[in-house]
Structures are given as structure tokens and as C-alpha cells.
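When you get a sec, could you give me coordinates for this:
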Amino acid sequence: MPAPSIAITALDPTSFAEATGRLAEILRACVHEGASVGFVLPFDVGEARAYWRDKVAPAHAAGSRLVLIASLDDDIAGTAQLDLDSMPSKRHHAEVSKVLVDPRLRRAGIARALMAEIERRAEAAGRWLLSLDTAGDAAEALYRSLGYELAGVIPSYARDAFEDRYEATRLMYKDLRRS
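I've put the predicted structure just below:
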């Protein structure tokens, strides 16, 4: 039996509003799995919905943030964001953030497919330098396999989702002109 195909789409404002509930579930599940994406436990689905509604929706509606979803069999399996809001001197740059895959569906190529589309959309928008930060070894390995390079490490950057301790983050980048 062939593996299900991954469909990557950009959300428009209407589909964004319709997807918020599922995006909140994925965010909550990722945080509960220990993802270093800015939230700490306890973290419930209401807080996750508020993030999408209050932090992402305004930038998305303004066109300064692209939100992609990955679907498997008509169910949202993952998401990624591309922040296009930059100063005039950095119109060649965009930041990748919140690359999230439902923990039940990991290791199926979803994050890789999301990143390929992020890069394609960045290039189409004239953005050839992408940056991101990550705290996880598995995520760093994925990004390295996609051609991202380590720019540096910032110690004690963010609080651990589970414990009152601080972890480093790794700043990574990719120059799409070299791809």
C-alpha cells in the first residue's frame, strides 16, 4: 500500500480561521512532547488557540506572515510559518518559525515537505536568506540535512517546557542562492 501523499497549501484568511482549532491541537501536542516553541506547561488548547488568534492571525491577515499547512488524507498533519515582516535593509531575509508536526505523524516527511514549500515561497517573494532557531537535536539534524548551517548557539535562551531550567538555542540559516 503506497504511503499517503502530503499536500502543502498556504492558508488564506478564511481557511486560516477554519484551521485554527486543528492548529491549536497540533501546537498543544508538540508542547506536551517537549517542543521548544515558546510555551511551557501547563499549556492547554485554549492557550494554543489564543496564540493562533492573537499572535498569528493579525500578521497573516496583513500579509506579513505566511502560514502553510501539510495535509494527509484531508487532515492537517503539520504547519510552518514564514515571517516576511522585515526592515528595508533586510528585504532579502525571512524567518522560518513554528515548524510543527503532529507527534503521531512524525518521521513521514511532513516537516521536510513543509520546508521545501517554505523555501519555494520565500524565493518567490524575493527572500533568499532564511533563518530559524531550534533547540532540539532531531530538528537540527533535519535542518542540516536541508542545507541549513549553524550560525551560533545562545545559552540559556528559553525555559524548558517541563522544568524550571533554561536551554540553549541554535541559530541556523540558509542562503537559497547556493541551493
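
Any figure for the gap between Ile6 and Phe39?
Per CB to CB, to the nearest Å, Ile6 is found 26 Å from Phe39. Quick note: C-beta positions are derived from backbone N, CA and C, even for glycine.

go on, Ala80?
17 Å.

quick one, which of those two is more surrounded?
Ala80 (25 against 19; other CB atoms under 10 Å).

hang on, Val37 packs against Leu100?
Yes: judged on CB atoms under 8 Å, Val37 makes contact with Leu100 at a distance of 7.0 Å.

where do the contact lists of these two overlap?
Among the neighbours of Val37, those also in contact with Leu100 (CB atoms under 8 Å, 6 or more residues apart in numbering) are 27, 30.

Give me the more crowded residue out of those two.
Legend: neighbour count by other CB under 10 Å for Val37 and Leu100, higher for Leu100 (23 against 18).

What's opposite that one in the beta bridge?
Thr79 (DSSP bridges).

Against Ala158, how distant is it?
Leu100 is 16 Å from Ala158, by CB to CB.

Same check on His93?
For His93, the distance to Ala158 (CB to CB) stands at 22 Å.

So what sits opposite Arg159 in the bridge?
Tyr166.

What is the longest helix seen in the chain packed up against?
Taking DSSP state H as the criterion, the chain has its longest helix at helix 13-32. Applying 3 or more CB pairs under 8 Å, 6 or more residues apart in numbering; DSSP states H and E, one finds that helix 13-32 contacts helix 45-50, helix 57-62, strand 65-72, strand 75-83, strand 93-101.

and of these, who's closest to Arg22?
Among the helices and strands packed on helix 13-32, the nearest to Arg22 by CB to CB is strand 75-83 (4.4 Å).

got the buried residues for that closest one?
76-83 (16 or more other CB atoms under 10 Å).

Now the two most distant members of these.
Largest pairwise distance in the buried residues of strand 75-83, by CB to CB, is 21.9 Å, between Ala77 and Asp83.

Give me the distance between Leu11 and Trp52.
11 Å.

likewise Ala29?
Using CB to CB, one obtains 14 Å as the distance from Ala29 to Trp52.

What of Ala135?
Applying CB to CB to Ala135 and Trp52 gives a distance of 21 Å.

Please say which of these two ends up with more neighbours.
Taking neighbours as other CB under 10 Å, Ala135 and Trp52 compare with Trp52 leading, 22 against 19.

Can you tell me the closest non-neighbouring residue to the more buried one?
Leaving aside its chain neighbours, Trp52 sits nearest to Thr20 (4.8 Å; criterion: CB to CB, 6 or more residues apart in numbering).

So what's the residue count around the one you found?
The number of residues packed near Thr20 is 18, by other CB under 10 Å.

contacting residues for it?
With CB under 8 Å, 6+ apart, Thr20 has these contacts: 49, 52-53, 57.
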